[in-house]
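Participant: Provided below for reference: sequence and predicted model.
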Amino acid sequence: MATNNIEKQSFGEAGALYCKDTGAAVSGEFCAITSLDDGTYFSALTWPELATGGSADALAGDSNATLPKGVTLYGQISGFTLGGGRVIAYYASR
């Protein structure tokens with residue numbers, strides 16, 4: 001029986017990227033990003049499906065929109081710049 005891509009993604013089988021470098025732009029096709037620190041935030045987050053009043057750069061520069069440790073964002077995320085904290089970004093299956 002074949003395993004679908006959703007199941008593979010949920011276990012990180014497409015790989016992941018550990019990021020602690022603030023200010024460095026990261027691009028790729030990600031399906032989830034998990035915060036590893038309280039107070040993690042993004043200075044840029046490209047997530048077109050997130051409704052933010054028309055901006056594709058979701059949560060950009062909003063240091064008040066912090067993620068607590070252990071929270072995972074799910075979606076079709078194509079890039080981000082970490083403003084603070086550490087994350088694991090899971091690659092989307094192809």
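Facilitator: Structure received.

Participant: Tell me the secondary structure of the residue most central in space within the chain, please.
Facilitator: When CA atoms, centre = their mean is applied to the chain, the residue found nearest the centroid is residue 33 (3.3 Å). Secondary structure, DSSP: H, G, I helix; E, B strand; the rest coil: residue 33 is strand.

Participant: ok, now which ones touch it?
Facilitator: For residue 33, the contact set (CB atoms under 8 Å, 6 or more residues apart in numbering) comprises 72-73, 77, 80, 87-90. Quick note: C-beta positions are derived from backbone N, CA and C, even for glycine.

Participant: just residue 39 next, same as before
Facilitator: Per CB under 8 Å, 6+ apart, neighbours of residue 39: 66-68, 84-85.

Participant: Of these, keep whichever come out buried.
Facilitator: Those of the contacts of residue 39 that meet the buried threshold are 66-67, 85, by 16 or more other CB atoms under 10 Å.

Participant: Could you pull out the strands in the chain for me?
Facilitator: Counting by DSSP state E, residue ranges of the strands within the chain are 16-19, 25-35, 41-46, 72-84, 87-91.

Participant: and the last one, C-alpha only, in PDB?
Facilitator: The one in question is strand 87-91. What follows is strand 87-91, C-alpha atoms only, in PDB (Å, rounded to 0.1, in the frame of the first residue of the first chain):
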ATOM      1  CA  VAL A  87      12.800  26.900  14.600                       C
ATOM      2  CA  ILE A  88      12.700  23.700  12.700                       C
ATOM      3  CA  ALA A  89      11.200  24.100   9.300                       C
ATOM      4  CA  TYR A  90       9.900  20.900   7.700                       C
ATOM      5  CA  TYR A  91      10.300  20.600   3.900                       C
END
